[in-house]
Structures are given as structure tokens and as C-alpha cells.
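Novice: Take this sequence and fold it.
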Amino acid sequence: MANNLQSQDAARPKAWIAWSSGKDSAWALYAARHNREFEVVAMLTTVNRTYERVAMHAVRESLLEMQAAAAGLPLVKVPIPSPCPNEIYEQAMSEAMTRARAEGVRHVIFGDLFLEDVRAYRERQLAKCGMTPVFPLWGKNTRQLAEDMLAGGLSAYLTCVDPRQLDRTFAGRCFDRDLLAAFPSHLDPCGENGEFHTFASAGPMFRKGIPVTVGEIVDRDGFVFADLLPQTAAIGAA
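Specialist: You can find the predicted model right below:
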């Protein structure tokens, strides 16, 4: 039986997971592993080289590395400047895809949910590189998806809030049922319209949880960011 499983694993196409550090990419990793259509062999993340944080989510690079270790996957970092012109971003991603192809990877898995323009952009850009995007969560009801995540054991924190869509006091809050109940009725429960971004700290995609504490809340570039700290580091600094 073990040999049969190993043969099946070897036969599956390899894929990278586009890793934002948030709940949707984390759940996409879980779904991809559960479906067993692809062998996920690495995480792909854009990192702001000025601040050493995950782009947009503003998660510390140290926490990103802890996620990769907990998921049991190597981390492929794509450093980008801040601000990052689109042509520089696309060149950096093209170079990453060249590496992927050299390693026998032809697919990239995304946690996108329903934004057609985002999906079309990914399909267009990856096609130029001879790569194919995969969207395991696409079209799912986002309220039900959020409930499924919580029921499945996912834990996450809001690291970035767009105050034009959601009150700044939500920054740093835990993504849980109380939070879903507190969201305004017009808000997408998964934040797919950019209302908020998250950091996944535990769930079935990880071998172990990543204890964090919420640090400083800051306003920057029109957004509100919660600085998450590894709990051990926070204790040491106290």
C-alpha cells in the first residue's frame, strides 16, 4: 500500500502555492492537499524588501518563515520594492516562474474566490510563462467558506484593514464567529474586495500552530495595520 501511495504522489503534477500568509491561501493549500490532484512542493510569496514583510499583509518575514516550517514546505521569496511598479512586479514573478519550470513545476495554486479581473490577470500572465493557475476555492459562497474554515480549525488575525470599508478597530482582531457576526452586512465575510487581510496562525494545513500576539496598530498609506509578533519574541521583549 505504501508503495502504491508513493507511486501516486510521484504521478501527480507539481505545484507551488501562491502564499499571501492569509486565511484564503492557507485554506487553498489545505484544499489542494485534500483533493490530492497536485503535489504542492513550495510556497511562493512576495516580500517587501524595504520593510522585510509580506506585501500588503505586512506580516513579518519571521512569521512567514514560521508558517512555511509549520506547513512543511520550502519558501520561495520574491523580493519587491515599495512602492512596486507593475512592470517590476511582473518581471520578478516571471523570474520566479522560470525557476518553477526548471524545477518541474507547471501549476500555481491561488486562493482567489470570485474577482474575475484578478483571475483573468493571473491566467494571462502565467500563460506567458508556460504556467497554469489553479483556483480550488473559486466560486464558493464566501459566508459558507468562512464558516467552513472556522469549523475546520483555522485560526487567523486581521493584519490590515481598509478603513474606507471597515472600521479601524477591527485591525488585530481574531478571525472567528464573533468577528463574522460583527461585520457590517454589506461586507464580504472573506474580505475578497480588499476590506481586510489576515495572517493564518493555525489550521489543518499546519503541523502546529504559530502563537502570536498583537503589537502596535499603525496607519500607513491609507490602511490600518496590526503588527503581529511571535509570542516568544513578545515575551522576551516584555
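
Novice: which residues does the residue lying closest to residue 225 once chain neighbours are set aside contact?
Specialist: Take residue 225 and drop its neighbours on the chain: the residue closest to it by Cβ to Cβ, 6 or more residues apart in numbering is residue 58, 4.7 Å away. C-beta: built from backbone N, CA, C; applies to glycine. Going by Cβ atoms under 8 Å, 6 or more residues apart in numbering, residue 58 touches 48, 51, 159, 160, 197, 225, 227.

Novice: top of these by neighbour count?
Specialist: residue 159 (29 neighbours; other Cβ atoms under 10 Å).

Novice: Against which helices or strands is the strand or helix carrying that one packed?
Specialist: Per DSSP states H and E: residue 159 is located in strand 155-161. Strand 155-161 sits against strand 196-202, strand 223-230, with contacts defined as 3 or more Cβ pairs under 8 Å, 6 or more residues apart in numbering; DSSP states H and E.

Novice: who's in contact with that strand?
Specialist: Residues contacting strand 155-161 (Cβ under 8 Å, 6+ apart): 21-23, 26, 56-59, 167-168, 170-176, 179, 195-203, 209, 212, 214, 223-226, 228.

Novice: Show me which helix runs longest in this protein.
Specialist: What stands out as the longest helix in the chain, according to DSSP state H, is helix 86-102.

Novice: residues making contact with the helix or strand just after it?
Specialist: With elements assigned by DSSP H and E, the helix or strand that comes after helix 86-102 is strand 105-109. Outside strand 105-109, the residues that touch it by Cβ under 8 Å, 6+ apart are 13-18, 28-29, 32, 38, 40-42, 44, 97, 100, 122, 126, 130-136.

Novice: what's the offset of strand 105-109 from the middle of its chain?
Specialist: For strand 105-109, the gap between its own C-alpha mean and the chain's C-alpha mean amounts to 15 Å (Cα atoms, centre = their mean, to the nearest Å).

Novice: and the next element down the chain from that strand?
Specialist: helix 116-128.

Novice: Wait, a helix at residue 15?
Specialist: No. Counting by DSSP: H, G, I helix; E, B strand; the rest coil, residue 15 is not found in a helix; it is strand.

Novice: thought it was touching residue 39?
Specialist: Yes. The criterion here is Cβ atoms under 8 Å, and residue 15 meets it with residue 39 at 6.9 Å.

Novice: more neighbours, those two?
Specialist: Remark: of residue 15 and residue 39, residue 15 carries more neighbours, 25 against 17, as counted by other Cβ under 10 Å.

Novice: Looking at per-residue confidence, what score does the more buried one get?
Specialist: At residue 15, the pLDDT value in this model is 98.

Novice: likewise residue 51?
Specialist: At residue 51, pLDDT is 80.

Novice: Next: the one 10 residues further on.
Specialist: At residue 61 the predicted local distance difference test score is 95.

Novice: surely it meets residue 46?
Specialist: No. Using Cβ under 8 Å, residue 61 is not in contact with residue 46; the gap is 11.5 Å.

Novice: shared neighbours, these two?
Specialist: 54, 77.

Novice: So those two - more neighbours on which side?
Specialist: residue 46 (21 against 18).

Novice: Checking the more buried one next. Helix, strand or coil?
Specialist: Residue 46 ends up strand, using three-state DSSP.

Novice: Let me see the contact set for it.
Specialist: Residue 46 touches 54, 55, 77, 78, 79, 80, 89, 92, 93, counting by Cβ under 8 Å, 6+ apart.
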